[in-house]
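Participant: Have a look at this prediction, sequence included:
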Amino acid sequence: MTDDYRHPKCYVNLHGGCSSKISGEHFISHSLIKLYTFDDPEIKILHDHGFGIPHPVSPKNFYANVLCTTHNNSLSPADSAALDFATFLRKIAIQYLNGNGEWGEDEVIEVSGDDFQRWVLKLLATHAAASAFASRGSKVVSPITEEAVHLLLDKAAWPITWGLCVAKEPGNTYLKFDPFTDIASVTSNWWSAHPFFRNGDTALCGGVVELAGVGFGLTLFNQGRESLEFDSLDNPIRRSLQRPAYMEWELNGVKKRINFIWDDSRHSFGVTYTMVR
Ligand SMILES: [Zn+2]
């Protein structure tokens, strides 16, 4: 296989480097499904919006053939970052029991921000590539832009005005930030994905992905943080914090903290969510 081989079904085949074998890319990381279903062989999973996989299947079959084996494997650090994030919050949520259990001691973990950001983009792109998003009642076709491929493959740096963001303060109902007081975030509703499209719904330009009760906005466009419209009520990323240095939940002075490690050094702000019991 030459380095410039482009597998026709691989959505990151722009620069070649594909293997001849296509692989099943899970719509949501298989390792995450296992975490939340205890690897139960009886568990079935589906998309509930009529597209993608509308009928229940086993987790091992919850995939689309949209990445070659080489590119699928090269993106696995992104899955690891998401798994680390979810494992940490899920464990705390289970022990806290919606306020009826124990909050415990200070805890802190590190997660690669770059890999986590890539995981959010990969999840959105995989759904888009497999026409698994509903959009104005029809399926979306061929929506992965060249910019998205460059960012997924780390062939370009993220423009400073693009990328991941999280809730910074209450008042944004699109971005969830409480993983601990809604038990559904560790049982049934532990993930979701909602895309942003442009150009007549033909290009994926971001979205909101929830994992473990936390919402992440992601844009492949200038977020317009300097503009007045940024704070308008219908902006899903209003009042958000871009590429956080950390996310931290504090109860009675005890902190559970996720430090995001970024390749560049311009991420000086984090966010602390103060909880009351
Ligand atoms: Zn490929």
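Facilitator: Received it, and whenever you're ready, just let me know what you need. Residues are numbered from 1 along each chain as shown.

Participant: Count the residues that sit near the closest residue to residue 4 other than its chain neighbours.
Facilitator: Using CB to CB, 6 or more residues apart in numbering and skipping the chain neighbours, the partner closest in space to residue 4 is residue 16 (3.7 Å). Every residue, glycine included, has its C-beta placed from N, CA and C. Here the count is done by other CB atoms under 10 Å, and residue 16 has 13 residues near it.

Participant: I figured residue 16 hits residue 10, correct?
Facilitator: No - Residue 16 sits out of contact with residue 10 when judged by CB atoms under 8 Å, with a separation of 9.8 Å.

Participant: Next one: the closest residue to residue 182 other than its chain neighbours, what pLDDT does it get?
Facilitator: Leaving aside its sequence neighbours, residue 182 sits nearest to residue 213 (CB to CB, 6+ apart; 6.4 Å). Residue 213 is assigned a pLDDT of 94 by the prediction.

Participant: begin at 25 from here
Facilitator: Shifting the count to begin at 25 puts that one at residue 237.

Participant: show me the contacts for residue 78.
Facilitator: Residue 78 makes contact with 70-71, according to CB atoms under 8 Å, 6 or more residues apart in numbering.

Participant: Recalculate using a threshold of 10 Å.
Facilitator: Residues counted as contacts of residue 78 (CB atoms under 10 Å, 6 or more residues apart in numbering) are 70-72, 156.

Participant: same question, residue 287
Facilitator: 136-139, 178, 181-182.

Participant: chain center to stretch 294-301: distance?
Facilitator: 22 Å (CA atoms, centre = their mean, to the nearest Å).

Participant: ok so, going back, go through the contacts of residue 287 and name the one nearest residue 250.
Facilitator: residue 182 (17.9 Å; CB to CB).

Participant: Can you verify my assumption that the closest one contacts residue 172?
Facilitator: No - at 11.2 Å, residue 182 and residue 172 do not qualify as touching, with contact defined as CB atoms under 10 Å.

Participant: so what sits against both of the two?
Facilitator: Contacts common to residue 182 and residue 172, judged by CB under 10 Å, 6+ apart, are 145, 244.

Participant: Between these two, which is the more surrounded one?
Facilitator: residue 172 (24 against 21).

Participant: isn't there a helix covering that one?
Facilitator: Yes - remark: residue 172 belongs to a helix, assigned using DSSP: H, G, I helix; E, B strand; the rest coil.

Participant: measure it to residue 36 for me?
Facilitator: Distance, residue 172 to residue 36, using CB to CB, to the nearest Å: 9 Å.
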